[in-house]
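In: model this:
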Amino acid sequence: MFLNAKKNYYTILITALTFSNISLAQLKIQSRPSPERMVATLLDTSSHIKVSNIKFYGNLNSCGLFQSNFKYLNFPKEGLILTNGSVEKAIGPNNNSQTSSVSGYNYNSTFQRISKTRNVFDTSLLEFDLIPESDKIELEYCFASEEYPEYINNQYNDIFVFLISSSLENFRTKNLAILDDKTPVSVNNINHRNNKNLYLKNVPWQKANMKIYDKQRSLIELSYYIQYDGLTKTLKATAEVNPNQKYHFKIGITDISDNAYDSAVFIKAHSLKSVSRISTAPLKSSSELRNRLFRINDGENISISVNFDLDSSNIADYSSIELLDVIIDYLKEYPSKKVKIIGHTDKQGDEVYNQGLSEKRALGVYNYFQTQGINALRMQHSGQGETKPAFEQDAKNRRVEFIFTSKL
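Out: A predicted model of the protein is given here:
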């Protein structure tokens, strides 16, 4: 009897210690941020994305800025939450399997087109223009819903989207909230049966479950701090784009058919990045440069290694001239193409001095192109000093960048 009492004591003690650790974690949400602050939260400021024309459609009580400090759960530390209800309902414990709230914004043509129904309710939609500097953008997020698990394989799942569109020729509007096989992210497609490696179930918050799941503390933590009955692990949305071209981006979520059962998307802070899918290391061989030029699109950039005399804009060697001549041949073959010539330096030396040096070196290349018959009206030159490093190895940042476009 004494042994049983001792065993029960240790069970209670372990459970208490587990809950004590979990109670230190928390999820905080600040509701009603401005649309500008929402976008600023998403942007990775070091990735060189320009944004404009920011708009939000919906009830500001349906969006918020969240912070978390979970001890066991792998979840974004901070970011933006958009819901088709009230953000306050996102906070646990998970003590209601049918949490529903109403935002009251019931019309949006974007979701009517996607869902092919006029029965669209409680929409939250953030949209803006963006101009990326490289050829790929990405965003990290997780999707959560009260529709788990009752409404798996149901035609009326809530909808959320990351839509990217452009006026560029042959660019079709794309939903980036998809898996690698192009399957849309939804309750139907990620759950305990389908793509279960990407799914996190959220058990009801009950004291009995603390004992059942004692060795799965992330489950207890999830159950105590998040209300939704299920969610995805953190996923990544990506899109291939043309550098320095304008795109329109929409992030949204809505109820379909009725107002019941809330869903949300948690978007990781500073995860909206402009990254490169093609190696941007400065090209050093003529053959490699020709191959790259052969498949370049309007607005894309190329960096090459041009060696200059020390602290000078004078081109130093034949290998650099050979690379520049490849670009000159390309411009002569395609007379409608124009080029922006941008000089970059490493971080050695004074910032103001490096800015001036980068401008001189871009001008040196510009002048050489003119001597080889390229009309000045087809070119622009500028310097960005040490302000836009593209590589961890500082020496690689001494480069000349060329952006090819149909108009300056």
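
In: list the contacts of stretch 320-328.
Out: For stretch 320-328, the external contacting residues (C-beta atoms under 8 Å, 6 or more residues apart in numbering) are 283-284, 286, 289-290, 293, 302, 304-308, 315, 339, 365, 368-369, 372-374, 402. From N, CA and C alone the C-beta is placed, and that goes for glycine too.

In: out of those residues, which are buried?
Out: With burial judged by 16 or more other C-beta atoms under 10 Å, the buried subset of the contacts of stretch 320-328 is 283, 289, 293, 302, 304-306, 308, 315, 339, 365, 368-369, 374, 402.

In: just the ones of the residues you listed in strands?
Out: Among the buried ones among the contacts of stretch 320-328, the members found in strands (DSSP state E) are Ile302, Ile304, Val339, Phe402.

In: residues contacting the closest residue to Asn301 other than its chain neighbours?
Out: Distances taken as C-beta to C-beta, 6 or more residues apart in numbering place Ile403 nearest to Asn301, at 4.6 Å, with adjacent residues excluded. Contacts of Ile403 were listed using C-beta under 8 Å, 6+ apart, and they are Pro243, Asn244, Gly299, Glu300, Asn301, Val339, Lys340, Ile342.

In: list the contacts of the fourth one.
Out: What that stands for is Glu300. Asp135, Asn242, Pro243, Ile403, Phe404.

In: so which strand or helix has Leu363?
Out: Using DSSP states H and E, Leu363 falls within helix 351-371.

In: from the contact counts, what lies against that helix?
Out: helix 318-333, strand 338-344, strand 379-383, strand 399-405 (3 or more C-beta pairs under 8 Å, 6 or more residues apart in numbering; DSSP states H and E).

In: where does the stretch 251-400 of the chain have low pLDDT?
Out: Along the stretch 251-400 of the chain, the model assigns pLDDT under 70 to residues 276-281, 298-299, 390-395.

In: and the next helix or strand past the strand or helix carrying Phe249?
Out: Phe249 is part of strand 247-256, with elements assigned from DSSP H and E. Using DSSP H and E, the helix or strand that follows strand 247-256 in sequence is strand 263-268.

In: in terms of secondary structure, what does that following strand contact?
Out: strand 78-83, strand 136-145, strand 247-256.

In: now for the shortest one, which elements pack on it?
Out: In this structure, strand 78-83 makes packing contacts with helix 35-42, strand 63-68, strand 120-132, strand 247-256, strand 263-268, judged by 3+ C-beta pairs under 8 Å, 6+ apart.

In: what's the angle from that strand to helix 35-42?
Out: 130 degrees (axes from the mean of the first three to the mean of the last three C-alpha atoms, to 10 degrees).

In: nothing else from me, thank you.
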